[in-house]
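Visitor: Sharing a model prediction with you, sequence too.
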Amino acid sequence: KAGVTQTPRYLIKTRGQQVTLSCSPISGHRSVSWYQQTPGQGLQFLFEYFSETQRNKGNFPGRFSGRQFSNSRSEMNVSTLELGDSALYLCASSLGTGENEQFFGPGTRLTVL
Amino acid sequence: AQSVTQLGSHVSVSEGALVLLRCNYSSSVPPYLFWYVQYPNQGLQLLLKYTTGATLVKGINGFEAEFKKSETSFHLTKPSAHMSDAAEYFCAVSFSGGYNKLIFGAGTRLAVHP
């Protein structure tokens, strides 16, 4: 079974630009969650999508948004990039309930200059 | 509010020694508990999880953890460290009403020296 894939793996942007990251979950998984990992703040939950609906959202500004498609693939978008958005963005997929393990992709390393 | 505390941001052990990584959680509802490992430039890999049932949980690579409700702890252990265990370890919790939101501890970087 193929794992969670994320594209691109690395991205360099400048302040003020916007960026879209993509995540393909494991086949059969309907839940996709996104996390931001930084040295200062650690791993923080961004949002979760299940069957194309956002079910849960973390404490991030509205510049961070996402969506999920009918095939469960998900994208997250960050608009008006700030230096502090530089981070590893991790996507995770699961069957959809809290006790199910989440399978993580390798992440997208975003650098904002 | 739910939270996770990992005691010790860095732990160093000798190869063959016991590994003990500490995790305490705060929650008003029964938690689901997880340990993940992250190797450099990679995503997170699940080591083990506790949802219900037996409180001693065995995971991959010889790791195990015990859920102690009275102590609100879920410490990770391995009897004998191997060089390949050097990585960062994260304890995380989720809840039945929280869907798939994982709340992570700050992580513990494990170093294993010969």
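Guide: Good, I have the coordinates.
Visitor: Going by C-alpha atoms from here, please, whenever you check contacts or count neighbours.
Guide: Will do.
Visitor: interface residues of chain A facing chain B?
Guide: A:31, A:33, A:42-45, A:47-48, A:55-56, A:90, A:96-99, A:101-107 (C-alpha under 8 Å from any C-alpha of the partner chain).
Visitor: which of the residues you listed are buried?
Guide: Buried members of the residues of chain A next to chain B, scored by 16 or more other C-alpha atoms under 10 Å in any protein chain shown, are A:31, A:33, A:43-45, A:47-48, A:55-56, A:90, A:96-99, A:101-107.
Visitor: Tell me which residue of chain A lies closest to chain B.
Guide: A:Pro106 (4.1 Å; C-alpha to the nearest C-alpha).
Visitor: give me every residue that touches that residue.
Guide: By C-alpha atoms under 8 Å, 6 or more residues apart in numbering or on different chains, the contact list for A:Pro106 reads A:Val4, A:Thr5, A:Gln6, A:Arg9, A:Leu90, B:Asn41, B:Gln42, B:Gly43, B:Leu44.
Visitor: likewise B:Asp85?
Guide: For B:Asp85, the contact set (C-alpha under 8 Å, 6+ apart) comprises B:Leu110, B:Ala111, B:Val112.
Visitor: Chain A versus that one, what's the distance?
Guide: In this view, B:Asp85 and chain A are 19 Å apart by C-alpha to the nearest C-alpha, to the nearest Å.
Visitor: Pass me the low-pLDDT residue ranges in chain B, would you?
Guide: Low-confidence segments of chain B (pLDDT under 70): B:97-98.
Visitor: Can you pull up the residues of it that come close to chain A?
Guide: For chain B, the residues in contact with chain A (C-alpha under 8 Å from any C-alpha) are B:32, B:41-46, B:49, B:51, B:94-107.
Visitor: related to what we said a few turns ago, pick the one among the contacts of A:Pro106 closest to A:Ser74.
Guide: Distances from A:Ser74 to the contacts of A:Pro106, taken as C-alpha to C-alpha, are shortest for A:Gln6 (9.6 Å).
Visitor: Helix, strand, or coil at the closest one?
Guide: strand (DSSP: H, G, I helix; E, B strand; the rest coil).
Visitor: Surely it is in contact with A:Cys23?
Guide: Yes: A:Gln6 is within contact range of A:Cys23, at 4.5 Å (criterion: C-alpha atoms under 8 Å).
Visitor: Name the nearest residue to B:Val59, ignoring sequence neighbours.
Guide: Rather than Val, residue B:59 is Gly. Leaving aside its chain neighbours, B:Gly59 sits nearest to B:Leu48 (4.5 Å; criterion: C-alpha to C-alpha, 6 or more residues apart in numbering or on different chains).
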